[in-house]
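1. Here is the input, now give the coordinates:
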Amino acid sequence: MYVTYPYAVAASFVLHDIDSAMNTIYSKDAKKIYKERKEAELNKRFKGELENLTVEQGQILVKLVARETGKPVYQIIKELKGGFNARIWQTVAILFSNNLKNRYDATGDDAAIESVVQEILSRGHFEMKR
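-> Just a heads-up that it's a prediction; the model follows:
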């Protein structure tokens, strides 16, 4: 949790920025170029680090991204990369016992994760990577 939470918060910030920018870009081509540049920037910044996560950390990251953004990761991928890419990534996730379509349930299945997040926030254990 301590490893993955900063990535989830970063994802939330980035997705908010992308949503804001996409609302101001009207050209389909300009939107495509913006998304491609943003993806390249994010790959350069995070790809190596995220590839080193364990399967369990990846599962937790998917839940935390859903928590921080309010959207399942599948929906985020579908909005940004299209349905075909979302299905491919969902298939990969299933191979690793994950599900990108799951929503975050702070009082149900994800209560233990929520408890740790609240501890992180209350104790100031969280330091954002920028």
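2. contacts, neighbours, all on C-alpha from now
-> Will do.
3. Can you check which helix is longest in the chain?
-> When the chain is scanned for its longest helix (criterion: DSSP state H), the result is helix 28-51.
4. how near is residue 95 to residue 89?
-> Residue 95 sits at a distance of 10 Å from residue 89 (criterion: Cα to Cα, to the nearest Å).
5. again with residue 50
-> With Cα to Cα as the criterion, residue 50 and residue 89 are 15 Å apart.
6. and these two? which has more neighbours close in?
-> Here residue 50 and residue 89 are compared on neighbour count by other Cα atoms under 10 Å; more neighbours surround residue 89, at 18 against 15.
7. That one: what's it in contact with?
-> When contacts are counted by Cα atoms under 8 Å, 6 or more residues apart in numbering, residue 89 is found next to 74, 100.
8. With just CA atoms, put whichever strand or helix holds it into PDB.
-> Applying DSSP states H and E as the criterion places residue 89 in helix 83-95. Extracted in PDB, the C-alpha atoms of helix 83-95 (Å, rounded to 0.1, in the frame of the first residue of the first chain):
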ATOM      1  CA  GLY A  83     -12.600  -0.100 -26.200                       C
ATOM      2  CA  PHE A  84     -10.200  -2.500 -28.000                       C
ATOM      3  CA  ASN A  85      -7.300  -1.400 -25.800                       C
ATOM      4  CA  ALA A  86      -9.400  -1.600 -22.700                       C
ATOM      5  CA  ARG A  87     -10.400  -5.200 -23.600                       C
ATOM      6  CA  ILE A  88      -6.800  -6.200 -24.200                       C
ATOM      7  CA  TRP A  89      -5.600  -4.800 -20.900                       C
ATOM      8  CA  GLN A  90      -8.600  -6.400 -19.100                       C
ATOM      9  CA  THR A  91      -7.500  -9.800 -20.600                       C
ATOM     10  CA  VAL A  92      -3.900  -9.200 -19.400                       C
ATOM     11  CA  ALA A  93      -5.300  -8.200 -15.900                       C
ATOM     12  CA  ILE A  94      -7.400 -11.400 -15.700                       C
ATOM     13  CA  LEU A  95      -4.200 -13.500 -16.400                       C
END
